[in-house]
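Undergrad: output the structure for:
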Amino acid sequence: MTPQVIQRWIDYATASDGNHDSAALDELLAEDAVFYSPAVFTPQQGRAKTAMYLNAAAKVFGGTDFRYVEQWYGESSAILEFTATLDGIVVDGIDMIHWNEQGEIVSFKVMIRPLKGLQAVIPRMAELLAG
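TA: Next up, the predicted model:
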């Protein structure tokens, strides 16, 4: 059974209309949430920074064939494997998510492969984050 916090995340990430509800994402993230990027060495601290990265990723993968293909759960953690195609390049990755007792995400780590897939994601994310 999918934990409620993860179902809420999946609903946000895979919104079929491409309309990702940033207010719902803010409610899902703990104030002290941390985002770990596959391309940026420094962890991004706090709800606002984490939301900024996750909203940008939702825009990058919105309108693609993004989908979760596997899911594994711990007591307060999950690993969600995803796949998507960007300009003909297959991007595979995992989201490693931890949450607190209040059902808020406290840690979100993304890993992407292959290198060509990560190279397809980086400039798109950089463009959105620069704005």
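Undergrad: quick one: low-confidence residue ranges for this protein.
TA: 16-18 (pLDDT under 70).
Undergrad: at 90 instead, please
TA: 1, 14-23, 40-41, 62-63, 131 (pLDDT under 90).
Undergrad: let me see the ranges of the strands in it.
TA: If DSSP state E is used as the criterion, the strands of the chain fall at 29-36, 44-45, 67-73, 77-86, 89-99, 105-113.
Undergrad: helices and strands around the shortest one, which ones?
TA: Using 3 or more Cβ pairs under 8 Å, 6 or more residues apart in numbering; DSSP states H and E, the elements in contact with strand 44-45 are strand 29-36, helix 47-61. Where you see a C-beta, it was placed from the backbone N, CA and C, and this is true even at glycine.
Undergrad: as a markdown table, these with mean neighbour count and distance to Lys116 would be great.
TA: What follows is the helices and strands packed on strand 44-45, written out as a markdown table (neighbours: other Cβ atoms under 10 Å; distance: least, Cβ to Cβ, whole Å):
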| stretch | mean neighbour count | distance to Lys116 |
| --- | --- | --- |
| strand 29-36 | 18 | 21 |
| helix 47-61 | 19 | 15 |
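Undergrad: how about JSON lines for those, with distance to Glu70 added?
TA: JSON lines is the format used below for those (distance: least, Cβ to Cβ, whole Å):
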{"stretch": "strand 29-36", "distance to Glu70": "20"}
{"stretch": "helix 47-61", "distance to Glu70": "17"}
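Undergrad: and of those, who's closest to Val91?
TA: Judged by Cβ to Cβ, the one of the helices and strands packed on strand 44-45 that comes nearest to Val91 is helix 47-61, at 8.2 Å.
Undergrad: please name the residues that touch the residue nearest the centre of the chain.
TA: Most central in the chain under Cα atoms, centre = their mean is Leu54, positioned 5.1 Å from the mean C-alpha point. Contacts for Leu54 (Cβ atoms under 8 Å, 6 or more residues apart in numbering) come out as Leu25, Leu29, Phe35, Phe108.
Undergrad: sorry, back to before: to Val60, which of the strands of the chain lies closest?
TA: Across those, closest to Val60 is strand 77-86 (Cβ to Cβ), at 7.5 Å.
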